[in-house]
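Chemist: Based on what follows, work out the 3D shape:
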Amino acid sequence: MSSRAPSGERITGPDPRITVLPDADRVFVDDQPWLHRVLYPLASVELSAFDPEWTGRIHFVTPVDAQYGYVGYRTTEHHDDHVGLNWIAFRVEDDGRYRFLGDPRCFEIENLGAVDDPEQVEEFYAEVGRNYERLKRLWRDERILEFGEPWDRPDPNSDSPRPRASVESLGGPLSFGNWSEYRPPAAFELGHRLTLRDGRPLTYIGRCPIHGLRGWSGHDVILFFEPETRIAVLTFEST
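Modeler: Okay, here's the model as predicted:
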């Protein structure tokens, strides 16, 4: 594999660097089992795609929370150095799995006492869980990467159907958008690029669509990585 970092590639077919819809057991550490219900894996990327000395994998994941806005919208009292409105962070362990660095109560389902409609939150989580299982079946059986009705899918009879991307952009230049309107948590600083508080830069890994999982399209996960601390940072763009 080339040591040159990816330059904004759109991944639509099989790629040895990418695992599509990986099993959650391979994405999240065992001693944070609650992660399985608040986040869903979309794609895993081999870190060696960016630097041959980097080991393990890094993961695009999407939070369920977004029904009322961005993740953390109604749980601001539990934001901290690694969690903020529209931002979450993990440490990539030696085995390539994510350890969440924030307070679990930043997710509404882990903080039901603080919301006015806990039954609605639970129902929404259950609905997204069903949608995710359907998405996995569609990928396994039909290689389709968009949750929705059949008429929403690319027309296979079209002269130029646009294939769905498992990763919309792998590496390449960082594009600012509405995600950058939200200040990152205190452990990070955002200027012309994202850095740790001490100035060490994070590498932009890329952006991945959520595949209409929560009932709409046009939303992407944006992912960064810092190799010395092995911190992964995610934020979310709506387009």
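
Chemist: any idea how far the residue most central in space within the chain is from residue 80?
Modeler: Residue closest to the average C-alpha location in the chain (Cα atoms, centre = their mean): residue 61, at 2.9 Å. In this structure, residue 61 and residue 80 are separated by 19 Å, where distance is defined by Cβ to Cβ, to the nearest Å. In this view, the C-beta of every residue, glycine as well, is placed from N, C-alpha and C.

Chemist: how about the strands in the chain?
Modeler: Secondary structure of the chain (DSSP state E): strands located at 7-11, 18-20, 39-46, 57-63, 87-92, 98-100, 167-171, 188-190, 194-196, 203-209, 219-226, 231-238.

Chemist: Is it correct that residue 80 is in contact with residue 185?
Modeler: Yes. Between residue 80 and residue 185 there is a contact at 6.8 Å, judged by Cβ atoms under 8 Å.

Chemist: still on that earlier bit, now tabulate the strands of the chain in a markdown table and tack on distance to residue 109 and mean pLDDT.
Modeler: Putting the strands of the chain into a markdown table (distance: least, Cβ to Cβ, whole Å; pLDDT from 0 to 100) gives the following:
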| stretch | distance to residue 109 | mean pLDDT |
| --- | --- | --- |
| strand 7-11 | 31 | 92 |
| strand 18-20 | 25 | 96 |
| strand 39-46 | 11 | 97 |
| strand 57-63 | 10 | 96 |
| strand 87-92 | 14 | 97 |
| strand 98-100 | 14 | 98 |
| strand 167-171 | 27 | 94 |
| strand 188-190 | 25 | 98 |
| strand 194-196 | 28 | 98 |
| strand 203-209 | 22 | 95 |
| strand 219-226 | 19 | 94 |
| strand 231-238 | 17 | 94 |
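
Chemist: At which residues are the helices of this structure located?
Modeler: Assigned by DSSP state H, the helices in the chain fall at 35-38, 118-142.

Chemist: between those, which one is nearest to residue 232?
Modeler: helix 35-38 (13.1 Å; Cβ to Cβ).

Chemist: picking up where we left off before, flag whichever of the helices of the chain has the least confidence on average.
Modeler: For those, mean pLDDT drops lowest on helix 118-142, to a mean of 91.

Chemist: Noted, bye for now.
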